[in-house]
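**Q** Need a 3D model of the following:
(one chain, ligands or ions: 1)
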Amino acid sequence: MISQNVQNLTAYTPGEQPRDPSVIKLNTNENPYPPSPKVKECLTGFDVTRLRLYPDPVFLKVRERIAAIHQCAVNQVFVGNGSDEILSLCTRAFVENDGSIGFFEPSYSLYPVLSDIRGVARRPVSLNSDFTWRMPPDFSADLFFMTNPNAPTSMLHSRGTVADFCAGFAGVVVVDEAYGDFADDNCMALATADDNSNTLVMRTLSKSFSLAGLRFGYVIGPAVLIEALYKIKDSYNMDMLALEIGLAALNDLDYMRSNVVKIKATRERLGASLRERGWSVCKSQTNFLFARPPDGDAARVFDGLKQQKIYTRYFPGTQTGEYLRITVGTDAQCDALLAAL
Ligand SMILES: Cc1ncc(COP(=O)(O)O)c(C=O)c1O
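**A** Numbering: from 1, shown residues only. Below you'll find the model as predicted:
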């Protein structure tokens, strides 16, 4: 009854969402600040009788706004129910049934699961031991998922390195910029050019826009690749409320940017405090830190913090097992973390 593929599948494990509101949640890279006041205005002013109707299946208004932000054509923009939905659609649009999907290790742990769901070969590429770029010269796959800045390492691969890789790669590259707003540089220019290239760049409202609960991601790239995603999407993959609220948030970039400034300041302060305590902290270009306690026993620190109701994220394994991923919260939350340590 259940396909062999699904029977064999190890599902993705999302970070824990505790019910206890007193928990300090530094485990899923959410934004500690509320979304733009424009989001609240939009929700309170929403005429519920409009919900009788289906939403615009091609979400033109939102695409126009995104195209204006990134200076590209409207037919270069696709919107998804969270960027996770877009990743899943890419595995269906750009990979042959006997094909393969590449990704770095360590990176976003959903990529291997999506490869397994699609039933195609995984082609992991191990980064160097310090998490810097490493790519075998003969590497090939139908599709490559590249988180940049990377998660959980928090580190940025340079635009030039990514551009060189994309130019020499025969398949489609999805540069997953979930954390791009927290970085000093990004690869969006590789996607907006619409020069028949193979590169898509993806963003989400879940992190910098404080809207993880909304489910809104988007991807930009050459119109031919974007068109393929429209061909296979569910008719109404974006609901009317998500489209309205997403648009309200995208119309208030200043608010998002002011929160990013605060988070980056807290990130630098927290990183410096951890280094003073002997931790090794990767150079973060995201809203989280990837850090190794002095004795490398990150599992013990993770458990100890959890007992004190401070949740962080721990990824066991040879490459990541000595590190803890810590979301940058408010200054007060980060002070509580330091006190607990
Ligand atoms: C690298 C990366 N890509 C995508 C996502 C998923 O984002 P969304 O909430 O838009 O589905 C995450 C969420 O943690 C992530 O870390």
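
**Q** Only C-alpha atoms from now on, for both contacts and neighbour counts.
**A** Will do.

**Q** what pLDDT does residue 220 get?
**A** pLDDT recorded at residue 220 is 98.

**Q** now it, which residues is it bridged with?
**A** Beta-bridge partners of residue 220, counted by DSSP bridges, are residue 77, residue 201.

**Q** how about it, what does it touch?
**A** Counting by CA atoms under 8 Å, 6 or more residues apart in numbering, residue 220 makes contact with 76, 77, 78, 188, 191, 192, 200, 201, 202, 226.

**Q** Out of these, which is nearest to the ligand?
**A** Proximity of the contacts of residue 220 to the ligand was ranked by CA to the nearest ligand atom; the top entry is residue 202 with 8.4 Å.

**Q** Could you tell me how far that closest one is located from residue 162?
**A** Shown here: residue 202 relative to residue 162, a distance of 14 Å by CA to CA, to the nearest Å.

**Q** So for the two, which residue has more residues nearby?
**A** For the pair residue 202 and residue 162, the greater number of neighbours falls to residue 202 (28 against 19), based on other CA atoms under 10 Å.

**Q** What pLDDT does the model give the more buried one?
**A** In this prediction, residue 202 carries a pLDDT score of 98.

**Q** And residue 16, by the same measure?
**A** If you check residue 16, the pLDDT there is 86.

**Q** before we move on, the earlier item: now which of the contacts of residue 220 would you call buried?
**A** Taking 16 or more other CA atoms under 10 Å as the criterion, what is buried in these is 76, 77, 78, 188, 191, 192, 200, 201, 202, 226.

**Q** who does the helix or strand hosting residue 67 touch, helix- and strand-wise?
**A** Taking DSSP states H and E as the definition, residue 67 sits inside helix 60-70. Helix 60-70 makes packing contacts with strand 77-80, helix 240-250 when contacts are defined by 3 or more CA pairs under 8 Å, 6 or more residues apart in numbering; DSSP states H and E.

**Q** 6 Å - rerun?
**A** With contacts defined as 3 or more CA pairs under 6 Å, 6 or more residues apart in numbering; DSSP states H and E, helix 60-70 has no helix or strand neighbours.

**Q** How far away from the center of its chain is it?
**A** Centroid separation between helix 60-70 and its chain, computed with CA atoms, centre = their mean, to the nearest Å, is 20 Å.

**Q** The worst-scoring helix or strand of the chain on mean pLDDT: what's the following helix or strand?
**A** When each helix and strand of the chain is scored by mean pLDDT, DSSP states H and E, helix 4-8 comes last, with a mean of 92. Following helix 4-8 in sequence order, the next helix or strand is strand 24-25 (DSSP H and E).

**Q** what about that following strand and the ligand, any contact?
**A** No - among the residues of strand 24-25, none lie within reach of the ligand under CA under 6 Å from any ligand atom; the closest is 13.7 Å away.

**Q** how far out from the middle of the chain is that strand?
**A** Mean C-alpha position of strand 24-25 versus that of the full chain (CA atoms, centre = their mean) differs by 19 Å.

**Q** before we move on, the earlier item: would you format the buried ones among the contacts of residue 220 as JSON lines with distance to the ligand included?
**A** Supplementary listing: the buried ones among the contacts of residue 220 in JSON lines, determined by distance: CA to the nearest ligand atom, whole Å:
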{"residue": "76", "distance to the ligand": "18"}
{"residue": "77", "distance to the ligand": "15"}
{"residue": "78", "distance to the ligand": "13"}
{"residue": "188", "distance to the ligand": "15"}
{"residue": "191", "distance to the ligand": "17"}
{"residue": "192", "distance to the ligand": "20"}
{"residue": "200", "distance to the ligand": "13"}
{"residue": "201", "distance to the ligand": "11"}
{"residue": "202", "distance to the ligand": "8"}
{"residue": "226", "distance to the ligand": "17"}
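
**Q** tell me which of those residues is nearest to residue 332?
**A** If you rank these by distance to residue 332 using CA to CA, residue 202 comes first, at 31.4 Å.

**Q** mind listing what the closest one touches?
**A** For residue 202, the residues meeting the contact criterion (CA atoms under 6 Å, 6 or more residues apart in numbering) are 176, 177, 218, 219.
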